[in-house]
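Asks: attaching a predicted model along with its sequence, questions to come.
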Amino acid sequence: MSSHGTIQRPSTVAAPTTPTGCPEDSTGKKLDDFRQPEFRLVCPLSIPSSPEAASLRIIQNLAHFALYYTHFVWIVLFITLIPQRKVSLILLVIMTYVASLYLLLLRACPANFHLLRKIIDKRIVLGLIVMATMIELIATKAGLHLVITLAATVPLVLTHAVFWARNDFCVEKRGAGGGGGGGCEESVPLVDESTEIV
């Protein structure tokens, strides 16, 4: 009668450990069974193994990150033009709008317009837009801003392109361990030495 309406709480005394030394939870299962996989921090930056690997990385990263590199250079140029060159800034924005409009119209064209895509190549038109933008910046006396921006951003872009190692163009190591290692190694040189013509 004395325990009527009261809740019995479990004892706070520690449970004895098992003789094997492996702790168990309340269901009797070993805690080692629930161990999480090891957390690994993967850094995508690495030094290339050879000059061929460095040039391969530059080519592939410039193709893969071209939009991001362009945005980076554009933002730095935009910021350098804000304080002094308002007209140049407006022309830069207009040319950016023209390039975006061209890319949107090109995407809106159906895929069966092969003739249009061959006549008006995307790389040629975008190159002409970049050249026209540079000429406009030089004509509005913002050429120094352009040169300083390119001198500051191009080395950063190339450094990123050299040191960024993407996982989709590397292969597993083949070492003494039988190839079971999980590391990556660049192995595709630009020139195959076995078929080199003398």
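Replies: Great, that's in hand.
Asks: ok, longest helix in the chain?
Replies: Using DSSP state H, we find that the single longest helix of the chain is helix 86-108.
Asks: quick one: contacts of that one?
Replies: 74, 77-78, 81-82, 117, 120, 122, 125-126, 129, 132-133, 136-137, 140-142, 145 (C-beta atoms under 8 Å, 6 or more residues apart in numbering). C-betas here are computed from N, CA, C, even on glycine.
Asks: try stretch 124-143
Replies: By C-beta under 8 Å, 6+ apart, the residues outside stretch 124-143 that reach it are 81, 85, 87-88, 91-92, 95, 98-99, 102, 145-146.
Asks: coming back round to it: drop anything exposed from the contacts of helix 86-108.
Replies: With burial judged by 16 or more other C-beta atoms under 10 Å, the buried subset of those is 77, 81, 133, 136-137, 140, 142, 145.
Asks: let me see the ranges of the helices in this protein.
Replies: 51-64, 66-81, 86-108, 114-119, 122-139, 143-163.
Asks: out of the buried ones among the contacts of helix 86-108, which comes closest to Ser50?
Replies: Checking the buried ones among the contacts of helix 86-108 against Ser50 with C-beta to C-beta, the nearest one is Leu77 at 34.0 Å.
Asks: residues in contact with the residue nearest to the closest one when sequence neighbours are not counted?
Replies: Once flanking residues are discounted, Leu77 sits nearest to Thr149: 4.5 Å by C-beta to C-beta, 6 or more residues apart in numbering. Taking C-beta under 8 Å, 6+ apart, we find Thr149 in contact with 73, 76-77, 80.
Asks: who wins on neighbours among these?
Replies: Highest neighbour count within the contacts of Thr149: Leu77, with 22 neighbours (other C-beta atoms under 10 Å).
Asks: hmm, Leu146 and that residue touching each other?
Replies: Yes: contact criterion C-beta atoms under 8 Å: Leu77 and Leu146 qualify, at 6.8 Å.
Asks: what sits in contact with each of the two?
Replies: Common neighbours of Leu77 and Leu146, using C-beta under 8 Å, 6+ apart, do not exist here.
Asks: show me the shaky parts of this protein.
Replies: Along the chain, segments meeting pLDDT under 70 span 1-37, 39-42, 111, 115-118, 167-198.
Asks: 90 - rerun?
Replies: The chain contains residues with pLDDT under 90 at 1-51, 53-54, 62-67, 82-86, 99-127, 129, 164-198.
Asks: CA atoms only: put the longest helix of the chain into PDB for me.
Replies: Only the C-alpha atoms of helix 86-108 are listed here, as PDB (Å, rounded to 0.1, in the frame of the first residue of the first chain):
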ATOM      1  CA  LYS A  86      30.700  54.800 -63.600                       C
ATOM      2  CA  VAL A  87      30.400  54.800 -67.400                       C
ATOM      3  CA  SER A  88      32.700  51.800 -67.700                       C
ATOM      4  CA  LEU A  89      30.700  50.000 -65.100                       C
ATOM      5  CA  ILE A  90      27.500  50.600 -67.000                       C
ATOM      6  CA  LEU A  91      29.100  49.300 -70.200                       C
ATOM      7  CA  LEU A  92      30.400  46.200 -68.400                       C
ATOM      8  CA  VAL A  93      26.900  45.500 -67.100                       C
ATOM      9  CA  ILE A  94      25.400  46.000 -70.600                       C
ATOM     10  CA  MET A  95      27.900  43.600 -72.200                       C
ATOM     11  CA  THR A  96      27.200  41.100 -69.500                       C
ATOM     12  CA  TYR A  97      23.500  41.400 -70.300                       C
ATOM     13  CA  VAL A  98      24.200  40.900 -74.000                       C
ATOM     14  CA  ALA A  99      26.300  37.800 -73.300                       C
ATOM     15  CA  SER A 100      23.600  36.300 -71.000                       C
ATOM     16  CA  LEU A 101      20.900  37.100 -73.600                       C
ATOM     17  CA  TYR A 102      22.900  35.300 -76.300                       C
ATOM     18  CA  LEU A 103      23.400  32.300 -74.100                       C
ATOM     19  CA  LEU A 104      19.700  32.100 -73.200                       C
ATOM     20  CA  LEU A 105      18.600  32.500 -76.900                       C
ATOM     21  CA  LEU A 106      21.100  29.800 -77.900                       C
ATOM     22  CA  ARG A 107      19.700  27.500 -75.200                       C
ATOM     23  CA  ALA A 108      16.100  28.300 -76.300                       C
END
